[in-house]
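sequence and predicted structure are below.
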Amino acid sequence: MKIVDAKVLVTSPGRNFVTLRLTTDDGLTGLGDATLNGRELAVVSYLTDHVVPLLMGLDPHRVEDTWQSLYRGAYWRRGPVTMAAIAAVDVALWDIKAKAAGLPLYQLLGGASRDRVGTYGHANGRDIPELLDSVRARLAEGYPAVRVQSGVPGLKAVYGVSSTDESGSPVLHQQARPLVEDWDTDAYLRHMPTVLEAVRAEFGPELPLLHDAHHRLTPVQAARLGKDLEPYRLFWLEDCTPAENQEALRLVRRNTTTPLAIGEVFNTVYDYQSLITEQLIDYVRSAVTHFGGVTPLRKLFDFAAQYQIKSAIHGPEDISPVGMAAAVHLDLAVHNFGIQEYSGHTPLTEEVFRHAYTFVDGYLHPGEAPGIGVDLDEELAAAHPYEAAYLPVNRLNDGTVHDW
Ligand code: GCO
Ligand code: MG
């Protein structure tokens with residue numbers, strides 16, 4: 001079998017998604033997600049100009065070899081653009097291999113290690129009453145665990161909180177310029193314990209609760225927050241510091257027993273090396289889409305497993321249904337699965353990308369369709385072309401740009 005065609009498709013059914021479609025001389029097709037929120041077209045160029053020409057004529061069964069040649073052969077390794085592009089090729093090849101075998105991808109990854117994949121959903125509120133309503137809505141949808149994010153008194157706009165849609169997902173208006181939000185770490189640190197106290201008082205001790213600090217704290221601030229939230233027994237505190245400095249987590253870890261999750265912006269195992277070997281974290285958060293695909297993410301999970309660290313694949317709306325499908329196959333197969341983030345997609349996105357994975361009573365299952373189980377409606381995709389869109393930035397009250 002040979003790859004005879006490769007096409008990069010960009011569509012915006014509410015937000016931008018980049019998809020690679022490979023076709024073989026046997027007529028099999030494979031899809032891979034290459035969406036990098038806010039920097040989409042850089043990956044389109046990387047794929048179209050530099051990767052697609054190398055794929056023609058390759059044997060699609062050589063998944064590992066193709067991954068290694070794209071990673072090592074470029075000379076310039078790592079980085080989100082490179083790794084999103086490699087991820088798309090890797091997932092498309094796994095999709096083809098599994099279709100050729102007539103099996104759902106999870107069977108090629110060792111088969112199911114569980115019956116269904118537990119998730120968490122997003123609850124957001126500008127204030128505590130609004131947040132409690134949002135938690136109630138997620139519970140009514142069946143979510144077994146909920147991430148809670150709250151507005152902070154005195155701040156006008158906090159990411160993911162200032163405007164949310166009916167499902168509680170942040171409304172990230174497609175913008176030609178980044179929206180500027182404001183930030184005050186002290187106000188946030190004072191407010192968060194009161195938020196968790198109110199949520200626990202309303203929903204009791206058993207509901208698994210998560211919180212995302214979006215990389216905004218220094219190590220000592222993160223340690224303080226972890227300590228202050230201990231009475232509320234979080235499932236995890238996510239992205240407490242900008243973790244490219246892995247040593248920062250030593251101070252946080254020494255000072256709190258709140259479990260720590262990190263890694264949605266990481267793109268290779270090297271970003272995690274000491275975090276894993278020193279057991280400074282409890283969950284690894286990378287997405288299939290941003291980590292170079294199923295091949296390296298499986299290796300990361302196996303490495304993490306030796307240290308009792310679990311998987312928790314990043315799954316916001318900017319991971320396309322193609323990336324989500326690949327994630328759910330991996331979730332079902334790996335032994336050290338922790339939890340899967342899931343906020344669903346808009347009805348239009350679900351029409352563009354028809355998928356075999358299901359979400360029932362808060363649990364995902366990849367389905368039994370051969371491959372990853374996603375079909376792309378190219379005509380509908382083409383009717384919703386790319387729109388420039390940026391993530392917001394945040395600034396302190398003196399105008400200084402703050403960590404994301
Ligand atoms: C999460 C993330 C998202 C990101 C988004 C950026 O935990 O789901 O933090 O909310 O902000 O993926 O593109
Ligand atoms: Mg996050």
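Right, received. Where do you want to start? Numbers count the residues shown, from 1 in each chain. Ligands and ions are numbered 1, 2, ... in the order given.

which positions in this structure make contact with ligand 2?
212, 264 (Cβ under 5 Å from the ion). All C-beta spots, glycine's among them, are computed from the backbone N, C-alpha and C.

show me the shaky parts of the chain.
162-175 (pLDDT under 70).

just the element for the residue nearest the centre of it, please.
Centroid-nearest residue in the chain: residue 314, 2.2 Å away (criterion: Cα atoms, centre = their mean). Using DSSP states H and E, residue 314 sits within no helix or strand.

give the contact list for it.
For residue 314, the contacting residues are 263, 264, 285, 286, 287, 290, 341, by Cβ atoms under 8 Å, 6 or more residues apart in numbering.

and those, which two are furthest apart?
290 and 341 (13.2 Å; Cβ to Cβ).

between the two, which is the more surrounded one?
residue 290 (28 against 25; other Cβ atoms under 10 Å).

what does residue 212 show for phi and psi?
Backbone torsions for residue 212, taken as degrees, to the nearest 10, come to phi -110, psi 120.

so what sits opposite it in the bridge?
residue 238 (DSSP bridges).

for ligand 1, see how far away it is.
5 Å (Cβ to the nearest ligand atom, to the nearest Å).

neighbours around that residue, how many?
21.

what do you get for residue 281?
26.

ok, it touching residue 261?
Yes. Contact status for residue 281 versus residue 261: in contact at 6.7 Å, counting by Cβ atoms under 8 Å.

which neighbours do these two share?
Counting by Cβ under 8 Å, 6+ apart, nothing touches both residue 281 and residue 261.

which element is residue 403 on?
Here residue 403 is covered by no helix or strand, with elements defined by DSSP H and E.

could you do residue 189 as well?
Under the criterion of DSSP H and E, residue 189 resides in helix 185-203.

and that helix, what does it pack onto?
Where contact means 3 or more Cβ pairs under 8 Å, 6 or more residues apart in numbering; DSSP states H and E, helix 185-203 is packed against helix 128-140, strand 146-150, strand 209-212, helix 219-229.

buried set for that helix?
185, 188, 189, 191, 192, 193, 195, 196, 198, 199, 203 (16 or more other Cβ atoms under 10 Å).

now stretch 233-248
Those would be 233, 234, 235, 236, 237, 238, 239, 240, 241, 243, 246, 248, for stretch 233-248 by 16+ other Cβ under 10 Å.

then stretch 63-81?
Buried positions in stretch 63-81, judged by neighbour count with 16+ other Cβ under 10 Å: 63, 66, 67, 70, 71, 74, 80, 81.
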